[in-house]
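Q: here is a sequence with its predicted model. Questions after.
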Amino acid sequence: MSLLLMILGAVIVAVLVAIAIVKFLPLKLRWIPSILLLILAIFLGIKIYDGIMEPIKFNKEKVGKFAVVINNLKIIRDAEIKHYEVYGNYTSNKDGLIRFIDTAKLALTETKTIVEKENKGGGVIVDVEKRVTDTIGFEPVLKYFKDLDYKNMFKVPGVEGTEFEIETGTVEKVQGLVVPTFRARTPKAGILKGMNVSLLKQELEAVESDQIKGEYVSVGSLEEVSTGGNWPPKYDKKEGAKEE
């Protein structure tokens, strides 16, 4: 809006100067306003260029900032999922989750189908198939985090002294079935601090499907059973997010 008002104001000024030149200025002095108009045109051109490029630069920079934050949220999510696989719940204990990765073991299971004889009575015996799951060994949870910086996964990249908020809860998925949930998040405003204020305000109100919706970058949910993040699919591509 400010850029539009600036253009409109410049046009009005140019028209008024042109009228003044024609009506009041002697012919030999008309080169002076011509130079002023040229300077005004150059200034306006620079402002228009900056107005076009500012959102492009903002988007490129924010994608880079969000990408490294999301990378840590993915590590937290994977750690919570492994914790659930071992203990049947999630945890908000950050130090405990790190220790869990370092020390816990995940059961390896094998499911097979067996046939058993079942006496139906009256001398009737039938074959009944059953699925049996056996534990065949254990593997360290650390195996899944070997090349990841999980010890620093709770630190918000680029935001000095800030850690992700971690909460756990429960949701009644169907009547009588209560399921544990978790959520990890951090405010967008902290990640994008120091950037264009107007564009930042728009970002915090984002609702489009190809953007990170709302005021937070988050993974998981306390309102529904989900371990997904609120970022669009492009942040999950191996080559990384290119643009937004």
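A: Okay, I see it.

Q: quick check: next helix or strand after the one helix or strand in the chain whose mean pLDDT sits lowest?
A: Sorted by mean pLDDT, DSSP states H and E, the helices and strands of the chain end with helix 2-24, the least confident at a mean of 63. Counting by DSSP states H and E, the element after helix 2-24 in chain order, helix or strand, is helix 31-87.

Q: let me see the mean pLDDT of that following helix.
A: Per-residue pLDDT over helix 31-87 has a mean of 85.

Q: off-centre distance for that helix?
A: 14 Å (C-alpha atoms, centre = their mean, to the nearest Å).

Q: just after it, pick out the following helix or strand.
A: Scanning forward in sequence from helix 31-87 by DSSP H and E, the next helix or strand is helix 94-103.

Q: what angle sits between that following helix and helix 31-87?
A: Interaxial angle of helix 94-103 relative to helix 31-87 (axes from the mean of the first three to the mean of the last three C-alpha atoms, to 10 degrees): 60 degrees.

Q: any buried residues in helix 94-103, and which?
A: 94, 97-98, 100-101 (16 or more other C-beta atoms under 10 Å). For the C-beta atoms, the positions are set from N, CA and C on the backbone; glycine is no exception.

Q: so what's the residue count around L200?
A: 17 (other C-beta atoms under 10 Å).

Q: can you tell me the SS state at V132?
A: Secondary structure, DSSP: H, G, I helix; E, B strand; the rest coil: V132 is strand.

Q: where's the closest residue to it other than its chain neighbours, which helix or strand?
A: Among residues not flanking V132 along the chain, I114 sits closest, at 5.6 Å (C-beta to C-beta, 6 or more residues apart in numbering). Assigned by DSSP H and E, I114 falls within strand 105-121.

Q: and that strand, how far from the chain's centre?
A: Chain-centre distance of strand 105-121: 43 Å, with C-alpha atoms, centre = their mean.

Q: what angle do it and helix 31-87 make?
A: Using the same axes, to 10 degrees, strand 105-121 lies at 50 degrees relative to helix 31-87.

Q: for I114, report the pLDDT, please.
A: On pLDDT, I114 comes in at 80.

Q: what's opposite it in the beta bridge?
A: For I114, the beta-bridge partners under DSSP bridges are K130.

Q: same question, the one 5 residues further on
A: In this entry, N119 is beta-bridged to I125, by DSSP bridges.

Q: isn't it right next to I125, touching?
A: Yes: at 5.5 Å, N119 and I125 qualify as touching, with contact defined as C-beta atoms under 8 Å.
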